[in-house]
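**Student:** one predicted model, sequence on top.
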Amino acid sequence: MQSFRTELENPIVEKDIIDLEKKIKLFRDGQIPDEKFRSLRLARGIYGQRQPGVQMIRIKLPFGKMTFAQAKRIADISDEYATSNLHLTTRQDVQIHFVSLDRTPELWSKLEEESITIREACGNTVRNITASDQAGIDPLEPFDVTPYAHAAFAYFLRNPICQDMGRKFKIAFSSSERDTAFTFIHDIGAVPKVKYENGKEIRGFKVMLGGGLGAQPYLAHVAHEFLEADQLIPYIENVLRVFDRHGERASRGKARLKFLIQKIGLPEFNRLVEEEKLALKNHRVPVDAENWPVPELPAAYTPVPAYSIKNPLQYELWKKTNVFEQKQEGYFGAYVRVSLGDIPSHTTRELIDRLKPVAADDIRVTVNQGLLFRYIRPQHLPYFFSVLESLGLSAPGFDSVADVTACPGTDTCNLAISSSTGIAAALEEVVDNEFPELLENTDIKIKISGCMNSCGQHSMAGIGFHGSSLKSGTNVVPALQVCLGGGVLGDGLGRVSDKVIKIPSRRGPQALRLLLKDYEAFKEPKERYHEYFERKGNKYFYELLKPLADLTDVKAGELVDWGKQEKFATAIGVGECAGVVIDLVQTLLYEGEEKLDWALQALEEGAYADGIYHIYSSFIQTAKALLLGEQVACNTQTGILRDFDKHFTAEGRFDLFTNLSEATLQINKNAPGAEFAWAYLGQARDFYQWATEFRKAQKAKEAVPALQS
C-alpha cells in the first residue's frame, strides 16, 4: 500500500485521513480484526459491496447541497477511482462504486479539498442530515431551515456522543407543513413554525421523534409542538445521549431508537432526556440564520449560446411538471428527473458547465434521486431545457407516478434479494408509454427496495415493492412484495403502506397496470391514493392482484430477474447498514485507552463536555472488555455497568469504587466543568489500569493449563 501526502488546511480532517490510512495498513497486516475494522471504515463512509474486494463510497452532502465545483470534483473522483457514475440517494448523498479500499484515504483527501466529507456517512452515527430541497426558496416556508440543518450537521460531525451508537440515527428538516423531507420516518424530524409574542417573531420547530422505516416501520411521535429554534440542537443531543446509553446493542434488528421508545415507553424516554440536561455543554445553540450566505445569482441579461428546442410540446409539459416559481420574485427552480438516480460523470460536468451561467451556484440532490437547480430567470428556461434535452435529461414528470425511486438492489448491495433497478426502469416505461396523463400526478409515489429494509422507501409509498423470492416446485422465483397506501399527510404526519401480496418480479408491470387502471376507474373526485386504499381496504387489493400470484404456470423467463441473464438464486450477504458488535477483549481495552487519550487532549483544550464523554466511553469499553473475557454477553451500556457490578463488585473481585455504575454515571449528574472533568479522568485512568492488570493476570492463568498439557 503506497502512502500519500495530504495538503489540507484543516488539521482535524488531515489527521482523520492519515489515521484511516494507518488503520488500513494495520488491517492489511492482520493487527486489527475484521469486525473492528468494518465498524471503523463504515463510520468513514466506506461500505462493502456485494462484489468482494471493492467498496462503495458514500459522500455526505448535508441537505443535499453541492456547489458547481463540488459536483465537478465528485465527477472527477468517480472517473479516477470508481466507475464514472454518480448515484444520487434518497438521503441526498452521492455514492460511487467499485473503489479499492487502499485508495480511499487519497480519494477522501481530494474530496476534502472542495470541503466534501465522507465522515459518518455510514455506520452507527448521525447519518446525513436531510432537508426539503426547496428550503430557502419554498413559497410556503415560514423561514429557511437550511442554516439550522447545517448547524446540526456541523455540531454532530465528530461529536463524541454519536461515534459508536447501537445503530444509525437519522435527522430531517422540512421546509413547510407539506413535509417534503418526510419527518415522520426519522429519528428526529423538524417542521418549522413561527409564533409571535409582543409583536416579536419567534422561530421554532414542531419536533417529531422515533420514526423509522426498515423491516418494521414506525411513525414518529410528536415530541414538541413548538420548540424554540436555539433549543433544537441541545434537545437532539439529549436524545442521542439517551439512545447511546440505553439503546439495544446485542440485537441489531432491535437497535434503532424507535424500538427503545417502544420498549420503555415515551414517558420514561422523555424522563431520561430531561435527566441528561445538566451534562450538556450548551443549553441553547443560536444559529445566525440572518447572515446565511446567498449564492451569486445569474445576471438578468446573461448571454447564452445559440440553442434550439427539438420537442416544443415536451418543453411545455416540462415547465408544468418540473418548474416552480420561487418565493423570490422573478426566479424559478427547475428539477431534473434522473432515472434511478444514476448520472454519468461526463454528463454531470457538461450539465454544470452549460448551466452555470443561468443558475445559482447551489445544486440540491432531492430525496427522490433527482437534482434541483435554483434561481433561474424565466427568460433562461428555454435554454435550460435545451441543455437537458441535448443530454437526455429533459423527461417531464418530476416526482410524479413516472418518477420511480429505487435503491441499487442486487446491483451492488449485500442485503438485496431481488433487483430493484431493473423493475424500476420497466415500471417507468409503463407509465411513460401507457399512462402519459399521470406525468402530472404527484400524489402517487412508486418506490422500490431490493429487500424489506426500505432503502428505497417502499414502506411510505402509495405503490411500493420490495425484493423477495417465491418457491415454485424446485425453482426459486424472483419476487416482489406489493405494499400499498403509504403517503405524506403533512405537518409531521404520514401513513405507512400495508403489505398486500407477493408476486413474481416479472409480473410487476402487470400489477402496476391493474392498480392504475383500477384507481382511474373507481376513485372519487379529488380522492388521494392512500384515501382510496383505506376506503377499499387491503382485501380488495389482494383479490385484485391475486391472479398474478398464481405459480401453477411459471414461465422460464420468470425465473430470471430483471437485468440478469442467469437463473435466479437468492444470495444474501452480510449487511453493513450499521456496525457490528465488537467481541474481542484486547480490541476493547485498546479502545478504552484510545478514548482516554482523546479525553486528555479535549480537556487540555478546554473542551470539557467532549472530554467527559470520551471518559464515559472509556469506562464502558473497559467494563465491556472484562465482561466478555468472562463470557458474559453485553447489551446496553447501562446493562454493561449493571452486569459488571453483579459479576465483579458484588463478588468482591473489584473494590476500586463502591459501585462502578455510580462512578460512571456521574456523567449526567454534573455540569461539564474543569474540576469534575479532571477528577472523572483520574477515576477512569485508575479503572483502566486495574482492568489491564486484571486481564494480564487472567491470561496468565489461562496459559498455565495450556503449558501443562
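**Tutor:** Everything's here; your move.

**Student:** using PDB, write down the CA coordinates of stretch 213-223.
**Tutor:** Below are the C-alpha coordinates for stretch 213-223, written out as PDB (Å, rounded to 0.1, in the frame of the first residue of the first chain):
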ATOM      1  CA  LEU A 213     -38.800   2.500   8.100                       C
ATOM      2  CA  GLY A 214     -36.800  -0.700   7.800                       C
ATOM      3  CA  ALA A 215     -38.500  -4.100   8.100                       C
ATOM      4  CA  GLN A 216     -40.700  -2.700  10.900                       C
ATOM      5  CA  PRO A 217     -41.900   0.800  10.000                       C
ATOM      6  CA  TYR A 218     -42.900   3.200  12.800                       C
ATOM      7  CA  LEU A 219     -44.500   6.600  12.600                       C
ATOM      8  CA  ALA A 220     -42.800   9.300  14.700                       C
ATOM      9  CA  HIS A 221     -44.300  10.700  17.900                       C
ATOM     10  CA  VAL A 222     -44.800  14.400  18.500                       C
ATOM     11  CA  ALA A 223     -42.000  15.300  20.900                       C
END
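
**Student:** which residues are contacting it?
**Tutor:** With C-beta atoms under 8 Å, 6 or more residues apart in numbering as the test, stretch 213-223 has contacts from 183-186, 189, 206-212, 235, 253, 256, 258, 261-262, 266, 270, 452-454, 457, 459-460, 492-496. Placement of C-beta: from N, CA and C, glycine included.

**Student:** now, those that are in helices?
**Tutor:** Taking DSSP state H, the ones among the contacts of stretch 213-223 that sit in helices are Y235, K258, I261, Q262, L266, N270.

**Student:** ok, the second one - contacts?
**Tutor:** Right, K258. So K258 contacts D187, G210, G211, G212, Q216, Y218 (C-beta under 8 Å, 6+ apart).

**Student:** so which of the contacts of stretch 213-223 are in strands?
**Tutor:** Within those, residues falling in strands by DSSP state E are G189, K206, V207, M208, L209, L493, G494, R495.

**Student:** helices of the stretch 551-700 of the chain, start to end?
**Tutor:** Remark: helices assigned in the stretch 551-700 of the chain by DSSP state H, counting those that start in this stretch are 585-604, 608-629, 637-644, 660-664, 674-708.

**Student:** show the average pLDDT along the first one.
**Tutor:** Averaged over helix 585-604, pLDDT sits at 90.

**Student:** related to what we said a few turns ago, most neighbours, which of the contacts of K258?
**Tutor:** Tallying neighbours with other C-beta atoms under 10 Å puts G211 at the head of the contacts of K258, with 28 neighbours.

**Student:** against G64, how distant is that one?
**Tutor:** Here the criterion is C-beta to C-beta, to the nearest Å. By it, G211 lies 20 Å from G64.

**Student:** which secondary element of this protein has the worst mean pLDDT?
**Tutor:** Every helix and strand of the chain was ranked by mean pLDDT, DSSP states H and E. The lowest is helix 34-42, at a mean of 81.

**Student:** so how far is that helix from its chain's centroid?
**Tutor:** Computed by C-alpha atoms, centre = their mean, to the nearest Å, the chain-centroid distance of helix 34-42 equals 18 Å.

**Student:** tilt between it and helix 585-604?
**Tutor:** For helix 34-42 against helix 585-604, the angle by axes from the mean of the first three to the mean of the last three C-alpha atoms, to 10 degrees is 30 degrees.

**Student:** who are the packing partners of helix 34-42?
**Tutor:** Under the contact definition 3 or more C-beta pairs under 8 Å, 6 or more residues apart in numbering; DSSP states H and E, helix 34-42 sits against helix 11-28.

**Student:** how about the helix it packs on, which residues are buried there?
**Tutor:** Neighbour-count burial for helix 11-28, counted by 16 or more other C-beta atoms under 10 Å, picks out V13, E14, D16, I17, I18, L20, E21, K23, I24, F27.

**Student:** what mean pLDDT does that helix get?
**Tutor:** For helix 11-28, the per-residue pLDDT averages 90.

**Student:** tell me the angle of it relative to helix 34-42?
**Tutor:** Using the same axes, to 10 degrees: helix 11-28 against helix 34-42 is 150 degrees.

**Student:** now helix 11-28 - C-alpha only, PDB.
**Tutor:** The C-alpha trace of helix 11-28 is given here as PDB (Å, rounded to 0.1, in the frame of the first residue of the first chain):
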ATOM      1  CA  PRO A  11      -5.600  19.700  10.600                       C
ATOM      2  CA  ILE A  12      -8.500  17.700  12.200                       C
ATOM      3  CA  VAL A  13      -9.500  16.400   8.800                       C
ATOM      4  CA  GLU A  14      -5.900  15.700   7.800                       C
ATOM      5  CA  LYS A  15      -5.400  13.800  11.000                       C
ATOM      6  CA  ASP A  16      -8.600  11.800  10.300                       C
ATOM      7  CA  ILE A  17      -7.400  10.800   6.800                       C
ATOM      8  CA  ILE A  18      -3.900   9.900   7.900                       C
ATOM      9  CA  ASP A  19      -5.400   7.800  10.700                       C
ATOM     10  CA  LEU A  20      -7.600   5.900   8.200                       C
ATOM     11  CA  GLU A  21      -4.500   5.100   6.100                       C
ATOM     12  CA  LYS A  22      -2.700   3.800   9.200                       C
ATOM     13  CA  LYS A  23      -5.800   1.700  10.200                       C
ATOM     14  CA  ILE A  24      -6.000   0.200   6.700                       C
ATOM     15  CA  LYS A  25      -2.300  -0.800   6.900                       C
ATOM     16  CA  LEU A  26      -2.800  -2.400  10.400                       C
ATOM     17  CA  PHE A  27      -5.800  -4.300   9.000                       C
ATOM     18  CA  ARG A  28      -3.800  -5.500   6.000                       C
END
